[in-house]
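**Student:** Sharing a sequence plus its predicted fold:
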Amino acid sequence: MRLLAEGEIVNELPMSPAWFGIIALMVFAILLAATMAFRSLGHRHDPAALSSSGHGSTPSGGSSGH
């Protein structure tokens with residue numbers, strides 16, 4: 001049994017402290033998955049990004065000559 005000092009306020013947590021960490025890790029994992037899902041979305045819709053990425057073609061469609 002815990003003895004409380006006079007005037008001490010104790011608020012019980014709604015769940016075990018370990019669950020706060022587990023929930024935080026799950027939230028961060030979901031955010032990481034969302035980030036990885038959209039990481040190359042800009043390159044898929046930007047033709048200029050594809051031509052400058054070194055795939056061997058220029059914007060005119062010819063070879064780069066490298």
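**Tutor:** Alright, I've got the coordinates.
**Student:** Let's see the longest helix anywhere in the chain as CSV, backbone CA atoms only.
**Tutor:** In the chain, with assignment by DSSP state H, the single longest helix is helix 17-37. Listed next in CSV are the C-alpha coordinates belonging to helix 17-37 (Å, rounded to 0.1, in the frame of the first residue of the first chain):
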residue,chain,number,x,y,z
PRO,A,17,2.3,3.1,-19.5
ALA,A,18,3.6,0.4,-21.9
TRP,A,19,0.5,0.9,-24.1
PHE,A,20,1.4,4.6,-24.7
GLY,A,21,4.7,3.5,-26.2
ILE,A,22,3.1,0.8,-28.3
ILE,A,23,0.5,3.2,-29.6
ALA,A,24,3.1,5.8,-30.4
LEU,A,25,5.2,3.2,-32.3
MET,A,26,2.2,2.1,-34.3
VAL,A,27,1.4,5.7,-35.2
PHE,A,28,4.9,6.4,-36.4
ALA,A,29,4.9,3.1,-38.4
ILE,A,30,1.7,4.2,-40.2
LEU,A,31,3.2,7.6,-40.9
LEU,A,32,6.4,6.0,-42.3
ALA,A,33,4.3,3.7,-44.5
ALA,A,34,2.4,6.7,-45.8
THR,A,35,5.6,8.6,-46.5
MET,A,36,7.1,5.6,-48.4
ALA,A,37,4.0,5.2,-50.4
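**Student:** after it, next one along is what?
**Tutor:** Next helix or strand after helix 17-37 toward the C-terminus (DSSP states H and E): helix 41-45.
**Student:** Please save the CA atoms from that following helix in PDB.
**Tutor:** Output of helix 41-45 as PDB, limited to C-alpha atoms (Å, rounded to 0.1, in the frame of the first residue of the first chain):
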ATOM      1  CA  LEU A  41       4.900  10.600 -56.600                       C
ATOM      2  CA  GLY A  42       6.400  13.900 -57.900                       C
ATOM      3  CA  HIS A  43       8.800  12.100 -60.300                       C
ATOM      4  CA  ARG A  44       6.000  10.000 -61.800                       C
ATOM      5  CA  HIS A  45       4.100  13.100 -62.900                       C
END
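**Student:** I'd like the average pLDDT over that helix.
**Tutor:** In this model, helix 41-45 carries a mean pLDDT of 74.
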